[in-house]
Structures are given as C-alpha cells and as structure tokens.
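Visitor: only the shape, not the letters, is given here:
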C-alpha cells in the first residue's frame, strides 16, 4: 500500500470537522474558546434575579466597560480590575451560569445544540450576528447613566432570553 493511500486510510473522519464539533469545551485551546464568542454583548448586560422565582430578568443596560456601539469590552484583558464581580466564563462554570442567553455559543455547545447559522464561525462574517438581530449593538445604555443600580429595571428586556433561532 502506498504511503499516500495509508495516510488517507488513517485520517480520522472527524478531521474535516470544525473544532467545536470534535472537542468538548474543556478540550479547546484558549484561542478556540475565545473564538466562540460572537460579540453580541448579551453576557455584559445588567440582570436581576427574582428572589422568589429564580427568574432572570435581563435589561438593556450594559456594564460600564462595554462599548455599546461595538459590543466590545473596553478593558477585556483587565476587566476584573475594573469590575470585580465580572464573571469569567470558563468550561468549568458554563453549566452553572443559567443567566447566559440561550443564543450564546458557549451555552449552545454545552447543551449539545451546535452553533447557530448566524454565528461568525459558521457564516464567516461577524456582521451576521447583527443581521440576525442577536447583537446588542446600538440597543443599550451604559450603567454609567444610572443614578441608582435599581434604575436598570426601567430597561427590563425579557425578550433577550429568547434563543435567537436555529
């Protein structure tokens, strides 16, 4: 058997699949993990939890570090320094973060759903997140405008817990 033919026979059938289909979240490299973020900004919203029901109530109020026009964190690498209660999403805590939006790639993969068709890793275009209506770009206010943190409830947005389709 030629070495070319044996190489073809030894090739894994999953080798042609993207990493998010062949690796668990815990097996991903740091770069692969970071590339799962679609840049929608939904995880950076101020949320409240109803103490009686446990229901998560998202708002259209963004963390003070989120650029509301680009949906990018202005201090991503050092965000914990500026916002000590910022939660770093990891393969170890994704299951516990029930407040993550259903459209989130990390949550979708954890739940076995795969990436949505609008995700930039599928579409090859970061603007598909915007066109699909998932991105929060231009739809938010910064928490810096609030006089009191509770004022964020004036911007309640339960629709943000929708799954974003496919």
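Guide: That came through, no problem. Only a predicted model underlies this, so the values are computations on that prediction, with no experimental measurement involved.

Visitor: going by C-alpha atoms from here, please, whenever you check contacts or count neighbours.
Guide: Fine.

Visitor: ok, the closest residue to residue 156 other than its chain neighbours to residue 128 distance?
Guide: Excluding the flanking residues, the one nearest residue 156 by Cα to Cα, 6 or more residues apart in numbering is residue 59, at 4.2 Å. Computed as Cα to Cα, to the nearest Å, the residue 59 to residue 128 distance reads 23 Å.

Visitor: these two: which has the busier surroundings?
Guide: Using other Cα atoms under 10 Å as the criterion, residue 59 and residue 128 rank with residue 59 on top: 22 against 18.

Visitor: which residues are contacting the helix or strand where the more buried one lies?
Guide: Using DSSP states H and E, residue 59 falls within strand 56-62. Strand 56-62 has contacts (Cα atoms under 8 Å, 6 or more residues apart in numbering) with 44-50, 68, 99, 139-143, 152-153, 155-158, 160-161.

Visitor: name the residue closest to the centre of this protein, please.
Guide: By Cα atoms, centre = their mean, the chain has its centre lying nearest to residue 104, at 4.0 Å.

Visitor: so what's that residue up against?
Guide: Residues near residue 104 by Cα under 8 Å, 6+ apart: 37-38.

Visitor: buried sites along stretch 110-126?
Guide: In terms of neighbour count (16 or more other Cα atoms under 10 Å), stretch 110-126 has its buried residues at 115-116, 118-121, 126.

Visitor: nope, stretch 128-139 is what I was after
Guide: Neighbour-count burial for stretch 128-139 flags 128-130, 134-137 (criterion: 16+ other Cα under 10 Å).

Visitor: so how far is it off the chain centroid?
Guide: Relative to its chain's centre, stretch 128-139 lies at 13 Å (Cα atoms, centre = their mean, to the nearest Å).

Visitor: list of residues touching it?
Guide: Residues beyond stretch 128-139 that count as contacts (Cα under 8 Å, 6+ apart) turn out to be 38-42, 60, 68-71, 103, 118-120, 164.

Visitor: same thing but at 6 Å, please
Guide: 40-41, 68-71, 118 (Cα atoms under 6 Å, 6 or more residues apart in numbering).

Visitor: buried subset of these?
Guide: Neighbour counting by 16+ other Cα under 10 Å classes 40-41, 68, 71, 118 among these as buried.
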